[in-house]
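[1] predicted coordinates and the sequence they were generated for:
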Amino acid sequence: MIKQAAAILEARKFNLDEIRNDFPILKRTVNGKQLVYLDNAATSQKPQCVIDSITRYYSFENANIHRGLYFLSEIATEFYENARLKAKEFLNAISSSELIFVKGTTEAINLVAASLSRANYFKEGDEVIISHMEHHANIVPWQFLVEHDKIKLKVIPITDEGELDMEAFKLMLNDKTKFISVVHISNALGTINPVKEIITLAHRKNIPVFVDGAQSAPHMKIDVQDLDCDFYALSGHKAFGPTGIGVLYGKTEMLEMLPPYQGGGDMIRTVTFEKTTYDDIPHKFEAGTPNIAGSIGFGTAIDYINQFDRDELTKYENELLEYATGSLNEIAGLRIIGNAKKKASVISFVIDGIHPYDIGTIIDTDGIAIRTGHHCTQPLMERFKLPATARASFAFYNTKEEVDKLVQSLLKVKRMFA
């Protein structure tokens, strides 16, 4: 049944009109205007096939997994575990047991940080390295360990262009460095970080590396074996799947070393009042009833993405980024924050004399959705001496015509504040 469902999604050539028809929300209007959705770094829209797969599960296959011996439970279990297999292929992991379903990247980071702490991995004075462009989700969990384990948190500085200072990073590595956790693509700047180089340098000193792939998984082909990262996490809702589901990849030896993150049903082998033994990976990290529908929906999202040549999708997004960058730079007084040589389809900007919140509110009247604020990167905003930015982030269903609408709306904002 699962193989038949996946086979419906055959290989497709990139056709923008056909792709946009796959996403029902793109047909709606906002404030009487055609929706222009440019907040994909926060969450992406969902193709109809993903919506249908969730509806189908709740309509015809709803049952709890792993424990039932009846038909519906076996079918639900099969669909759930098949989604794990799809995630394995999506990331090119060695084994599906290396993939743990989580709520999203935030929970994945918390899981690893908390489990390392419980494993007594850190000693007082050990150092964890992150970067100045991290999302709060890759800062706060490590700060918990600063308080609990007395570790030191070190931060890779960034340049004015929004790139990591790799020379400074190399100098930070020492015998006390026990772990590195770094974002692959900045959600605020669009910078694509040299994570493979970071991993290579770290592994020379036997330092494990966690890669926050929340922004990279939707926009480029990921190969965890090629990266050789120890952990990699992604969020389904940013990759055209449902909210509340994500995947944590971990090398087998790392996952087996870590104790469980939570206790409860389905993560145990035996329980007595005196002692509990835990199941094998990945199940020892999946306590309780999981987000079954979300996992199945994310599996369908992977099927949807896999119809296309990933390089072709990335190429189109890069063209869109180049077009948008050029168009926005034509607006007098507009300044793009983050001009790294290697960028994904994210543009943060400010306009002289106009608060980003005003920009976002006014262009919403034209049906244009962008993000304004600190983007959960307050230290990064402080680095650039800004309270906030406006951010337009693109996916492969966006168009150059939508970029033109954004530009015209921003010019209207400027006229209103002139």
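    Structure's in. What do you need?
[2] how is this structure divided into domains?
    2-44+309-413, 57-306 (automatic domain parsing).
[3] out of these, which one sits most buried?
    Of all the domains of the chain, domain 57-306 has the most neighbours on average by mean count of other Cβ atoms under 10 Å, namely a mean of 19. Bear in mind the C-beta positions are built from the backbone N, C-alpha and C, glycine included.
[4] now do the end-to-end distance for it.
    Start to finish, the residues bounding domain 57-306 are 21 Å apart (Cα to Cα, to the nearest Å).
[5] T252 touches S96, doesn't it?
    No: using Cβ atoms under 8 Å, T252 is not in contact with S96; the gap is 11.1 Å.
[6] please enumerate the helices of the stretch 301-418 of the chain.
    Along the stretch 301-418 of the chain, the stretches classed as helices by DSSP state H, counting those that start in this stretch are 310-329, 356-364, 378-383, 400-417.
[7] so for V50, which of the domains of the chain sits nearest?
    Checking the domains of the chain against V50 by Cβ to Cβ gives domain 57-306 as the closest, at 4.9 Å.
[8] quick one: closest of the helices of the stretch 301-418 of the chain to I180.
    helix 378-383 (17.2 Å).
[9] that older thread, could the helices of the stretch 301-418 of the chain go into CSV alongside distance to T29 and mean pLDDT?
    Below are the helices of the stretch 301-418 of the chain laid out as CSV (distance: least, Cβ to Cβ, whole Å; pLDDT from 0 to 100):
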stretch, distance to T29, mean pLDDT
helix 310-329, 22, 97
helix 356-364, 13, 97
helix 378-383, 33, 97
helix 400-417, 13, 97
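[10] can you lay out those as TSV showing distance to V247?
    Output for the helices of the stretch 301-418 of the chain, formatted as TSV (distance: least, Cβ to Cβ, whole Å):
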stretch	distance to V247
helix 310-329	17
helix 356-364	31
helix 378-383	25
helix 400-417	30
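[11] for M166, which of those helices is the nearest?
    Using Cβ to Cβ, the nearest of these to M166 is helix 378-383, at 16.7 Å.
[12] pull the CA atoms of the closest one into PDB?
    Below are the C-alpha coordinates for helix 378-383, written out as PDB (Å, rounded to 0.1, in the frame of the first residue of the first chain):
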ATOM      1  CA  GLN A 378      18.700  38.800  19.200                       C
ATOM      2  CA  PRO A 379      22.500  38.500  19.700                       C
ATOM      3  CA  LEU A 380      22.900  38.800  15.900                       C
ATOM      4  CA  MET A 381      20.700  41.900  15.800                       C
ATOM      5  CA  GLU A 382      22.900  43.400  18.600                       C
ATOM      6  CA  ARG A 383      26.000  42.600  16.500                       C
END
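[13] pLDDT weak spots in the chain?
    Applying pLDDT under 70 to the chain flags residues 1-9.
[14] in three-state terms, label the residue lying farthest from the centre of it for me.
    Largest separation from the mean C-alpha position in the chain: E274, at 40.0 Å (Cα atoms, centre = their mean). The three-state assignment at E274 reads coil, by DSSP: H, G, I helix; E, B strand; the rest coil.
[15] tell me the bridge partners for L153.
    L153 has these beta-bridge partners by DSSP bridges: V128.
[16] just confirm it contacts F144, I think it does.
    No: in this structure, L153 is not within contact of F144 by Cβ under 8 Å, at 10.5 Å.
[17] quick one on the thing from earlier: rebuild the domains of the chain as a markdown table, extending it with distance to V50.
    Formatted as a markdown table, the domains of the chain follow (distance: least, Cβ to Cβ, whole Å):
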| stretch | distance to V50 |
| --- | --- |
| domain 2-44+309-413 | 9 |
| domain 57-306 | 5 |
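[18] and for the residue nearest to P24 when sequence neighbours are not counted, the neighbour number?
    Using Cβ to Cβ, 6 or more residues apart in numbering and skipping the chain neighbours, the partner closest in space to P24 is Q48 (5.7 Å). Close neighbours of Q48, defined as other Cβ atoms under 10 Å, add up to 13.
[19] residues contacting Q48?
    By Cβ atoms under 8 Å, 6 or more residues apart in numbering, the contact list for Q48 reads D22, F23, P24.
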